[in-house]
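In: I'll drop the sequence and a predicted model, then ask my questions.
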Amino acid sequence: MHNSSGSWELPEELRMLQETIRRFMQQVVKPVEDSLPHDAFTPEPAQLAVLQKKARDLGLWCLETPAEHGGAGLNLLGQCVAAEETAKCRMGAYIAGCGAFGFDPPIVIWKGTAHQQRFARDDVANGTKAFVAISEPSGGSDPGRAIQTRAERKSDRYVINGTKVWISGVGMANWGIVFARVGDSKGRDGITSFIVDKNRPGISLLKIPVIRSYSPYEVHFDNYEVPEEDRLGEEGKGFAFAEEWLVHARPPYAAATIGIAQAALDIAIEWARQRKTFGSFLADKQAIQWMIADSEVELRAARLLVYQAAWNADLGRDIKVDASVAKVYGTEVAGHVVDRCIQILGGMGVAQELPLERWYREMRIKRIGEGPSEVHRMVIARDMLGALRAAG
């Protein structure tokens, strides 16, 4: 990440990727999205198929999926660069690039057997998606202890009973990964992960209306049977099996919020340059200048924290704390920036003629999803305080 002169910069291949995605979003995705209702979260199937073909032709397909499985195989830093750019559309908070780049299967699936990878291979081939079901009515921030959904071993299969909540993407998905408790342990060592086919009997869905149009679901399992060969990993190892994957998902998650905030800031800057009030442009007023300056400073800092976490991950380092730092700061800063941009635009900021009001609503969830800010602060504090104790 350094050039010959010693100054910091992204590797050339990632800058090229950044520019390619940026052009694709403006020239290919935006015209399609502009034809859709304000709160749409996917294009019509025919439109989506055209977008996905164009992305495939450019090699911009399933960006996180390893190349040997048909994806672009980006490292984590590349995923963060891509996440920031693909989020720069009206539906970008939850559907990157309007779905043009496909839907990466959960990366942990590629650690499974060839038989277990069958659904993921279909997703990569067809541009379909999967879901991951962890959170329950008993809580989502401490899944190792909160999970109450049970999987009982019966001969060559498991029978799952229980309820998951706030599960995104289930309505669009054909399959998913579900975490359930096996045996008597009440801790993390009792959690096992399973691959579930949504088309098998014993699973029912209930949409949960929330602040965004891309609604999550309640997923109920009633004597749902999973063949033993669809247990992902060993019994009791489900949480450990997925922990690295969950941690590594946080920097791209934060990067996407930064991308939206950057897009909002670009809109606000253009507005400030053109809008006159009290005899001068908004861009000439100190209050507006400071809002823009503060937003730029905070976004630069957030972006560098994300890059640092991703860079360390790509070097093989433990990024649990780095990922929490990036997630907290990135999502909170992005929300503040979008809020400021709405203030700069005034009434137009909350009009559905522009994407700002949708981003404002949907960005609010980002401080909760992938672990709420408070939990990540606990992770950071425990690491710091533990280091101080060890030093003392």
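Out: Yes, it's here. All values derive from a computational prediction rather than experimental measurement.

In: where do the helices sit along the stretch 151-300 of the chain?
Out: Taking DSSP state H, counting those that start in this stretch as the test, the helices found in the stretch 151-300 of the chain are 238-248, 250-274, 286-314.

In: distance of Met172 from Pro216?
Out: 12 Å (CB to CB, to the nearest Å). (C-beta placed from N, C-alpha, C; glycine too.)

In: In terms of neighbours, single out the busier of these two.
Out: Pro216 (23 against 16; other CB atoms under 10 Å).

In: quick one: the more buried one and Gly171 touch, right?
Out: No - taking contacts as CB atoms under 8 Å, Pro216 lies outside contact range of Gly171: 9.2 Å.

In: Quick check: neighbours shared by these two?
Out: Lys207 (CB atoms under 8 Å, 6 or more residues apart in numbering).

In: circling back to that earlier point, wait, which of the helices of the stretch 151-300 of the chain is closest to Glu85?
Out: helix 250-274 (6.1 Å; CB to CB).

In: Buried residues of that closest one, list them for me.
Out: By neighbour count on 16 or more other CB atoms under 10 Å, the buried set for helix 250-274 is 250-265, 267-269, 271-272.

In: Run through the neighbouring helices and strands of it.
Out: Here helix 250-274 touches helix 76-86, strand 280-281, helix 286-314, helix 320-345, helix 356-366, going by 3 or more CB pairs under 8 Å, 6 or more residues apart in numbering; DSSP states H and E.

In: Which of those comes out lowest on mean pLDDT?
Out: Looking at these, the lowest mean pLDDT belongs to strand 280-281 (a mean of 94).

In: List the pairing partners of that one within its sheet, with orientation.
Out: Strand 280-281 pairs in its sheet with strand 276-277 (antiparallel), by DSSP bridges.

In: Please state the offset of the partner strand from the chain centre?
Out: Distance, stretch centre to chain centre, for strand 276-277: 38 Å (CA atoms, centre = their mean, to the nearest Å).

In: cool, and stretch 35-45?
Out: Centre to centre, stretch against its chain (CA atoms, centre = their mean), the figure for stretch 35-45 is 19 Å.

In: what's the first-to-last distance across it?
Out: 14 Å (CA to CA, to the nearest Å).

In: tell me which residues in that stretch are buried?
Out: Within stretch 35-45, the residues that qualify as buried are Leu36, Ala40, Phe41, Pro43, counting by 16+ other CB under 10 Å.

In: what do you get for stretch 87-104?
Out: Buried residues in stretch 87-104 (16+ other CB under 10 Å): 87-104.

In: any idea how this protein splits into domains?
Out: 12-104, 129-239, 249-391 (automatic domain parsing).

In: Would you convert those domains into TSV that also reports distance to Trp110?
Out: Below are the domains of the chain laid out as TSV (distance: least, CB to CB, whole Å):
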stretch	distance to Trp110
domain 12-104	6
domain 129-239	11
domain 249-391	14
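
In: So which of those domains is nearest Gln116?
Out: domain 129-239 (5.6 Å).

In: chain center to that closest one, what's the gap?
Out: With CA atoms, centre = their mean, you get 19 Å for domain 129-239.

In: Over to stretch 283-301?
Out: 27 Å.

In: From Gly97, how far off is Ile258?
Out: 16 Å.

In: again, but for Phe103
Out: For Phe103, the distance to Gly97 - CB to CB - is 11 Å.

In: Trp359 now?
Out: Trp359 sits at a distance of 15 Å from Gly97 (criterion: CB to CB).

In: With Glu357 instead?
Out: Glu357 is 21 Å from Gly97, by CB to CB.

In: any idea which residue of this protein is furthest from its center?
Out: Gly279 (43.6 Å; CA atoms, centre = their mean).

In: any idea how far Lys285 is from it?
Out: 11 Å.

In: What residues sit buried inside stretch 289-302?
Out: Buried residues in stretch 289-302 (16+ other CB under 10 Å): Met291, Ile292, Ser295, Glu298, Leu299, Ala302.

In: wait, doesn't the third one sit right on Leu265?
Out: To tie it back to what came earlier, the one meant is Ser295. Yes - contact criterion CB under 8 Å: Ser295 and Leu265 qualify, at 5.1 Å.

In: before we move on, back to that, where is pLDDT lowest across the buried residues of stretch 35-45?
Out: Lowest pLDDT of the buried residues of stretch 35-45: Phe41, 89.

In: nearest spatial neighbour of Lys164, skipping sequence neighbours?
Out: Ala133 (4.0 Å; CB to CB, 6 or more residues apart in numbering).

In: Look up how far Asp57 lies from that neighbour.
Out: 34 Å.

In: Can you get me a residue count around the closest residue to Asp142 other than its chain neighbours?
Out: Nearest residue to Asp142, sequence neighbours excluded (CB to CB, 6+ apart): Val375, at 8.0 Å. Val375 has 16 neighbours, counted by other CB under 10 Å.

In: what's the answer for Arg150, then?
Out: 16.

In: can you check Ala49 too?
Out: 13.

In: That one in helix, strand or coil?
Out: helix (DSSP: H, G, I helix; E, B strand; the rest coil).

In: residue contacts, it?
Out: Gly127.

In: ok, Ala334 - contacts?
Out: Per CB under 8 Å, 6+ apart, neighbours of Ala334: Ala254, Thr257, Ile258, Ile260, Ala261, Leu299, Ala302, Met363, Lys366.

In: my guess is the first one meets Lys327, correct?
Out: Yes - distance between Ala254 and Lys327: 5.0 Å, which falls inside the contact criterion (CB under 8 Å).

In: tell me how far the ends of stretch 212-232 are from each other?
Out: 32 Å.

In: What residues of it count as buried?
Out: So stretch 212-232, judged by 16+ other CB under 10 Å, has buried residues 212-214, 216-221, 224, 226, 230-232.

In: again, but for stretch 53-66
Out: Neighbour-count burial for stretch 53-66 [16+ other CB under 10 Å]: Ala55, Arg56, Leu60, Trp61, Cys62, Leu63, Glu64, Thr65.

In: would you turn those residues into CSV with distance to Ile160 and secondary structure?
Out: CSV is the format used below for the buried residues of stretch 53-66 (distance: CB to CB, whole Å; DSSP: H, G, I helix; E, B strand; the rest coil):
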residue, distance to Ile160, secondary structure
Ala55, 36, helix
Arg56, 35, helix
Leu60, 36, coil
Trp61, 33, coil
Cys62, 28, coil
Leu63, 32, coil
Glu64, 27, coil
Thr65, 27, coil
